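A.B. asks: model the structure of this input:
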Amino acid sequence: MKVSIIGGGGRVGSNAAFALQMGGIVRDIALIDVAQDLADGEALDLRHGAASCASQVFTSGDTSAARDSDIVVLTAGLRRKPDESRLDLISRNVALFRTILDDLEKVPLPKDWILFVVANPVDILTFIASETWRSMGGRILGLGTMLDTLRFRSLIGDRLGIDPTQINALILGEHGDSQVAVWSTAGVNGVPVSALPGCTGEVMAELARQTKTSGADVIRLKGGAGYAVAVAIRDVVHAIALDSRAILPVCTRLTGAYGLGDVALSVPTMVGRGGALDVIEMPLSPDEREALRESGRVLKETLASVS
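C.D. replies: Numbers count the residues shown, from 1 in each chain. So this is what the prediction gives:
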């Protein structure tokens with residue numbers, strides 16, 4: 001399988017390539033970036049470690065290097081300028097995204113290739129891609145709240161002193177301020193998280209808040225996320241490559257599930273070789289269901305302002 005990472009010279013793209021190298025499942029990884037030297041250097045560095053990891057091929061180049069890719073991972077994005085509004089940044093990233101989509105249309109790709117959107121605002125960009133290439137259906141998906149969910153589980157584990165790999169808890173909705181922490185089904189090997197010692201209502205509210213602000217905390221401390229988002233990207237790519245039919249909180253365009261339509265956001269989704277194979281409607285508390293719908297309304301407002 002070939003995976004191309006557009007934005008592969010950047011922090012998220014290069015860390016994703018390294019996570020895929022450690023995974024050893026994807027055979028061919030191409031790093032694509034307008035900063036050609038960075039992409040070349042990252043690919044060279046990865047090749048130097050191949051002898052100790054897996055039989056993999058690392059290449060670099062411009063968008064044409066994505067030729068014959070099974071999955072195109074789009075991590076390229078712009079950072080906010082001083083005094084720039086959130087909406088202005090979104091508009092600039094939407095313009096960049098449309099340019100990349102135009103470039104991809106010129107690249108020979110397999111008929112069943114998958115576009116995996118990571119760049120922000122991921123929900124907006126995933127919807128725009130689904131509008132541009134409607135025939136692709138579930139072969140367009142976004143990272144959505146995968147990273148938020150990993151953060152949520154890790155924070156719960158840290159606070160309650162529990163192995164985070166044993167925690168099953170989800171963040172749904174927008175990858176942003178209107179995200180929804182789903183406590184009603186959160187558990188540890190069948191034991192509700194709410195039944196664990198120390199898990200009070202106040203603690204749950206604080207953990208949800210910390211999850212929501214974690215991205216800003218990482219940006220403040222080191223300039224931007226890299227490692228955890230790379231792990232989240234790897235998990236989705238591996239689910240596709242292995243056709244594992246994993247249930248993941250990825251972002252897709254909804255057409256009625258949870259009472260939502262004409263918007264892209266994260267809900268539990270079966271992921272396999274065909275991309276997003278099916279949306280799973282899980283039971284939610286009334287408050288969680290309403291919060292998810294509110295998240296959809298927030299995203300629709302943003303879409304209307306940039307369309």
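
A.B. asks: excluding chain neighbours, what is closest to Thr252?
C.D. replies: Nearest residue to Thr252 in three dimensions, chain neighbours excluded: Ala276, at 4.5 Å (Cβ to Cβ, 6 or more residues apart in numbering). Every residue, glycine included, has its C-beta placed from N, CA and C.

A.B. asks: give me the beta-bridge partners of that neighbour?
C.D. replies: Val271 (DSSP bridges).

A.B. asks: what's the distance between it and Ser266?
C.D. replies: Distance, Ala276 to Ser266, by Cβ to Cβ, to the nearest Å: 11 Å.

A.B. asks: and what of Ser214?
C.D. replies: From Ser214 to Ser266 the distance is 16 Å (Cβ to Cβ).

A.B. asks: repeat that for Ser135.
C.D. replies: From Ser135 across to Ser266, the span is 23 Å (Cβ to Cβ).

A.B. asks: what do you get for Arg159?
C.D. replies: 23 Å.

A.B. asks: these two: who's more crowded?
C.D. replies: Between Arg159 and Ser266, counting by other Cβ atoms under 10 Å, Ser266 is the more crowded of the two (32 against 16).

A.B. asks: how about the more buried one, nearest residue that isn't a chain neighbour?
C.D. replies: What sits nearest to Ser266 in space, not counting adjacent residues and going by Cβ to Cβ, 6+ apart, is Gly144, at 3.4 Å.

A.B. asks: cool, and Ser285?
C.D. replies: Ser184 (4.4 Å).

A.B. asks: mind listing what that neighbour touches?
C.D. replies: Pro283, Leu284, Ser285, Glu288 (Cβ atoms under 8 Å, 6 or more residues apart in numbering).

A.B. asks: and which of these is nearest to His175?
C.D. replies: Among these, Glu288 lies closest to His175 (Cβ to Cβ), at 16.9 Å.

A.B. asks: against Val263, how distant is the closest one?
C.D. replies: Distance, Glu288 to Val263, by Cβ to Cβ: 17 Å.

A.B. asks: try Ala51
C.D. replies: Counting by Cβ to Cβ - Ala51 and Val263 are separated by 46 Å.

A.B. asks: now swap in Ala239 and tell me
C.D. replies: In terms of Cβ to Cβ, Ala239 sits 23 Å off from Val263.

A.B. asks: and if you look at Asp40?
C.D. replies: Taking Cβ to Cβ, one finds Asp40 at 39 Å from Val263.

A.B. asks: between the two, which one's more packed in?
C.D. replies: Counted by other Cβ under 10 Å, Asp40 and Val263 do not tie: Val263 has more neighbours, with 23 against 17.

A.B. asks: where exactly do the strands run in the stretch 51-200 of the chain?
C.D. replies: 57-61, 71-74, 114-117, 140-142, 167-172, 180-188, 191-192 (DSSP state E, counting those that start in this stretch).

A.B. asks: make CSV from the ones you listed and add distance to Val218 to it.
C.D. replies: Supplementary listing: the strands of the stretch 51-200 of the chain in CSV, determined by distance: least, Cβ to Cβ, whole Å:
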stretch, distance to Val218
strand 57-61, 26
strand 71-74, 20
strand 114-117, 20
strand 140-142, 20
strand 167-172, 16
strand 180-188, 18
strand 191-192, 29
